[in-house]
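J.: no sequence for this one, just the structure:
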C-alpha cells in the first residue's frame, strides 16, 4: 500500500502549462522528505533497536530501506511524493503489530543482524541454515514472552539470544511525509517564479 502526500495549486493559468512546475515541486518533495529522514524524526529509537541497528538514527536501516523508496510523481495539476515501502504506514502513523500466528521474532542484537545477513532475513530459513552449520537453537518461553537462544557447536562461548519473542509490539508514530514551513516557502517561491509574480 502506498502512502503519499501532495501539494496542489489552483490558479488562472492554463493547467497544461504547469507540468514543468509540478515536476520541480515533485522533485523538491522527494528531496525534502529524504532530508527530514536524514535529520532524524522523533521519538528516539528504543535502546534495543539502537543496539540491533548499530546506530541511533530513526527510520534508517539497511540500504536502500525507507529513504531509498521515496519517489515522486506529477501531472499538469499536482505534485506528489510517497512510498510503497512495507513499513511506511506503521512508521508514519504508528500502531501495534500483533503476531499472526504464534510469535513476533524480534532481532535481539547486532549479532542477530549479522546472522541474518549471512543466512537469511526470514526466521524459518535462518534457523534451518544455522542448524545446518552446527548451531544448537532452542526456545525458552514464559507466558506471553520468550527468547530464541543459539550456541555454536563445540564453542566454549555462552549461548546468545537470537530473537526476543513477543505477542505484540507498539511502534511510535514518526511522521515523515509532511509539509512544513520551509516546504511551503520553497513551493511558494517556485510558484511565484513560474507565474511571474514578485510577491
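T.: That came through, no problem. The structure presented is a predicted model; accordingly, all values stated were derived computationally and were not measured.
J.: ranges for the strands of this protein?
T.: 3-7, 71-74, 79-83, 95-98, 104-107, 135-142, 145-152, 160-166, 168-171 (DSSP state E).
J.: For residue 41, find the nearest of these.
T.: strand 168-171 (12.7 Å; Cβ to Cβ). Where you see a C-beta, it was placed from the backbone N, CA and C, and this is true even at glycine.
J.: quick one: the residue nearest the centre of the chain and residue 49, what's the gap?
T.: In the chain, the centroid-proximal residue (Cα atoms, centre = their mean) is residue 66; its distance is 4.1 Å. Between residue 66 and residue 49 the computed distance is 14 Å (Cβ to Cβ, to the nearest Å).
J.: how about low-confidence regions in the chain?
T.: Low-confidence segments of the chain, defined by pLDDT under 70: 1-17, 62-63, 198-199.
J.: The residue nearest to the centre of the chain reaches residue 83, doesn't it?
T.: Yes. Using Cβ atoms under 8 Å, residue 66 makes contact with residue 83 at a distance of 6.7 Å.
J.: Just give the nearest non-adjacent residue to residue 125, would you?
T.: Nearest residue to residue 125, sequence neighbours excluded (Cβ to Cβ, 6 or more residues apart in numbering): residue 119, at 6.9 Å.
J.: now residue 141
T.: residue 165 (6.6 Å).
J.: what's around residue 54, how many residues?
T.: Residues near residue 54, counting by other Cβ atoms under 10 Å, number 10.
J.: Would you agree it is in contact with residue 110?
T.: Yes. Under the criterion of Cβ under 8 Å, residue 54 makes contact with residue 110 at 5.1 Å.
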